[in-house]
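# after the sequence you'll find the predicted model.
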Amino acid sequence: MINENYLINETIYKKPIMTTELAAIIEELKKKMLDGGYSLKTMPKYSSEWKRLLRYAEEREPAVFDSEYCRRFSLDCHGGCYENKYALIQAARPARMLLDFIKFGAIIRLFNKSQKGFSEGYTALFEEFLTKEKNRGLSKVSLAALKSSLYRLEQFLLDIGITQFYDVEASHINNYIEVLAELCSTTISEHLRQLRRLSDYAYEKGFHTRTFSNIIPHTKNLCRQRIPHIFTPDEAKRLLAAVDRENPVGKRDYAMLIIAVRLGLRVSDIRSLEFSALDWDKKTVSLVQSKTGRFLELALPEDVGWAIIDYMKHGRPKCESKTVFVNHIYPFRNLSGASINLVAKYMRSAGIYSPNNRKVGMHTLRHSLASEMLAQGVSIEDISGVLGHADIHSSETYIRIDIQKLRKCALEVDI
């Protein structure tokens, strides 16, 4: 057991923790995780990484365990093994979780598949807030994301001993904002916006005596200011060619990838694509987009159609699912978000490597289609129509990837 002089409310540490003290703290964290609902099956992967961390610390001089130490450990142990920073973040998750436990006394959850409902102290506020946002016009996908973020907030507050929103103080909000700092700018911006709306609603409906919206910072969504990452046409061809289409899973993966390459559908819409969306006589695919709730109809190219037919006839297991693409592990079910990691998988097979700061995934193929259409002179309005954007401004971000047109805008500089 850890010396009580190091603890505030049994979990938050008063002074910097040295690497020589980590073994005892890890045992405390394991207990808290099991008490908090983590299954015994998930613990070995965390324990394995913590053992690696302890060995790493033993081989070096004692030091303060902080964010910089976590960063050095992650890069030294995993930096050369992964093609992108998102895989690196996942590998470094156990060490980061340990640091959060030391700093906040909380287990910061990245996502929550098994959430069944909010606890008694938060149910009324959160359910009412979700209903309000639904009536405001949020799509099903956006509501699911909001519910997940509320669940994450609730778990953070429960971990630090706050069992109802009425007892939340400014310091708790500040600590939670510090936790969000590890996320990408898009996620931070959205979480803070939701937190401000929630706080105002709680004050308005009597769930709290004050609102915290005035202390919750406004941050810019920097993702729209960056040049979107893309695959070149040659890389996209190599990616598709790397798929082994002689086996059922390969047939499925190829069909999903070519839909993303040729049609630019979001992965959520590919995953949930139903047979009823395919009109073979008209050669179209039509669906209501899960993100925007808007109807979209696109022409179905021959190569895409034949890839889907090949999977349906020779790859898809027999099951009752209405979706075209299913899991190939019995019992055969609809694909989950966690099962979609096709791009990274086939990038490795194709020998396509990415620098650490390049975000790659199914959405990259969507960006790539927009880039290719721009290069062919397609208007922003038409690109917006193909991609199914609710707002044409969402498509304008792709102007930044049309390098040839950007060069025409360059100013001459006198030297």
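Looks like it arrived, so ask away. Numbering: from 1, shown residues only.

# helices along the stretch 51-200 of the chain, start to end?
For the stretch 51-200 of the chain, helices defined by DSSP state H, counting those that start in this stretch occupy the ranges 67-78, 85-91, 93-104, 120-135, 140-159, 170-180, 185-204.

# out of the ones you listed, flag the one nearest residue 283.
Minimum separation from residue 283 across the helices of the stretch 51-200 of the chain (C-beta to C-beta) falls at helix 140-159, 27.7 Å. Where C-beta positions appear, they are placed from N, C-alpha and C, glycine not excepted.

# tilt between the closest one and helix 185-204?
Here the directions of helix 140-159 and helix 185-204 differ by 70 degrees (axes from the mean of the first three to the mean of the last three C-alpha atoms, to 10 degrees).

# alpha carbons of helix 140-159, as PDB, please.
Backbone C-alpha positions of helix 140-159 (Å, rounded to 0.1, in the frame of the first residue of the first chain) are rendered in PDB as follows:
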ATOM      1  CA  LYS A 140     -28.100  10.100 -34.600                       C
ATOM      2  CA  VAL A 141     -24.300   9.900 -35.000                       C
ATOM      3  CA  SER A 142     -23.800  13.200 -33.300                       C
ATOM      4  CA  LEU A 143     -26.100  12.300 -30.400                       C
ATOM      5  CA  ALA A 144     -24.100   9.000 -30.000                       C
ATOM      6  CA  ALA A 145     -20.900  11.000 -29.900                       C
ATOM      7  CA  LEU A 146     -22.400  13.500 -27.400                       C
ATOM      8  CA  LYS A 147     -23.600  10.600 -25.100                       C
ATOM      9  CA  SER A 148     -20.100   9.100 -25.200                       C
ATOM     10  CA  SER A 149     -18.500  12.400 -24.200                       C
ATOM     11  CA  LEU A 150     -21.000  12.800 -21.400                       C
ATOM     12  CA  TYR A 151     -20.200   9.300 -20.200                       C
ATOM     13  CA  ARG A 152     -16.500  10.200 -20.200                       C
ATOM     14  CA  LEU A 153     -17.200  13.400 -18.200                       C
ATOM     15  CA  GLU A 154     -19.300  11.400 -15.700                       C
ATOM     16  CA  GLN A 155     -16.700   8.700 -15.200                       C
ATOM     17  CA  PHE A 156     -14.000  11.400 -14.600                       C
ATOM     18  CA  LEU A 157     -16.200  13.100 -12.000                       C
ATOM     19  CA  LEU A 158     -17.100   9.800 -10.300                       C
ATOM     20  CA  ASP A 159     -13.500   8.800 -10.100                       C
END
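
# so what touches that helix?
Helix 140-159 has contacts (C-beta atoms under 8 Å, 6 or more residues apart in numbering) with 11, 32, 36, 104-109, 111-112, 115, 118-119, 122, 126, 129-130, 133-134, 138, 163, 165, 168, 172, 176, 179, 190-191, 194-195, 198, 268, 290-291, 293.

# same check, this time on stretch 328-345
83-84, 87, 113, 239, 248-249, 252-253, 256-257, 267-268, 271-272, 317-319, 321, 323, 325-327, 360-362, 364-365.

# mark which of these are buried, thanks.
Buried residues within these, defined by neighbour count using 16 or more other C-beta atoms under 10 Å: 83-84, 87, 239, 252-253, 256-257, 267, 271-272, 321, 323, 325-327, 360-362, 364-365.

# so which helix or strand of this protein has the lowest pLDDT on average?
Least confident helix or strand, the chain: strand 7-8 with a mean of 34, by mean pLDDT, DSSP states H and E.

# what stretches of the stretch 251-400 of the chain score poorly on pLDDT?
The model of the stretch 251-400 of the chain has pLDDT under 70 over residues 337-341, 354-359, 389-400.

# rerun at 90
Applying pLDDT under 90 to the stretch 251-400 of the chain picks out residues 264, 266-268, 288-294, 296, 329-400.

# gap between the closest residue in space to residue 323 that isn't next to it in sequence and residue 300?
Leaving aside its chain neighbours, residue 323 sits nearest to residue 334 (5.1 Å; criterion: C-beta to C-beta, 6 or more residues apart in numbering). To residue 300, residue 334 is 22 Å away according to C-beta to C-beta, to the nearest Å.

# please apply the same query to residue 125.
46 Å.

# pLDDT of stretch 200-217, averaged?
Mean per-residue pLDDT for stretch 200-217: 93.

# kindly report the same for stretch 25-33.
90.

# with stretch 63-75 instead?
Per-residue pLDDT over stretch 63-75 has a mean of 85.

# buried ones in that stretch?
Across stretch 63-75, burial judged by 16+ other C-beta under 10 Å covers 65, 69, 70, 73, 74.

# cool, stretch 148-168 as well?
Buried residues in stretch 148-168, counting neighbours by 16+ other C-beta under 10 Å, are found at 148-160, 162, 164-165, 168.

# now that stretch: how far from the chain's centre is it?
How far stretch 148-168 lies from its chain's middle: 21 Å, per C-alpha atoms, centre = their mean, to the nearest Å.

# and it, how far apart are its ends?
For stretch 148-168, the first-to-last residue distance is 19 Å (C-alpha to C-alpha, to the nearest Å).

# heads up, I number from 775, so please use that
Sure, I'll start numbering at 775, so the last one becomes stretch 922-942.

# report the rounded mean pLDDT for it.
For stretch 922-942, mean pLDDT rounds to 89.

# which residues in the protein form strands?
Along the chain, counting by DSSP state E, strands occupy 781-782, 786-787, 1052-1053, 1058-1062, 1069-1073.

# which outside residues touch the third one?
Residues lying outside strand 1052-1053 but in contact with it, judged by C-beta under 8 Å, 6+ apart, are 1058, 1059, 1060, 1074, 1082, 1098.

# 10 Å - rerun?
1058, 1059, 1060, 1061, 1071, 1074, 1079, 1082, 1083, 1086, 1098 (C-beta atoms under 10 Å, 6 or more residues apart in numbering).

# of those, closest to residue 976?
Nearest to residue 976, judged by C-beta to C-beta, of the contacts of strand 1052-1053 is residue 1061 at 36.7 Å.

# what's across from the residue nearest to residue 1097 in the sheet?
Beta-bridge partners recorded for residue 1108 (DSSP bridges): residue 1100.

# what's the neighbour count on it?
Residue 1108 sits with 15 neighbouring residues when counted by other C-beta atoms under 10 Å.
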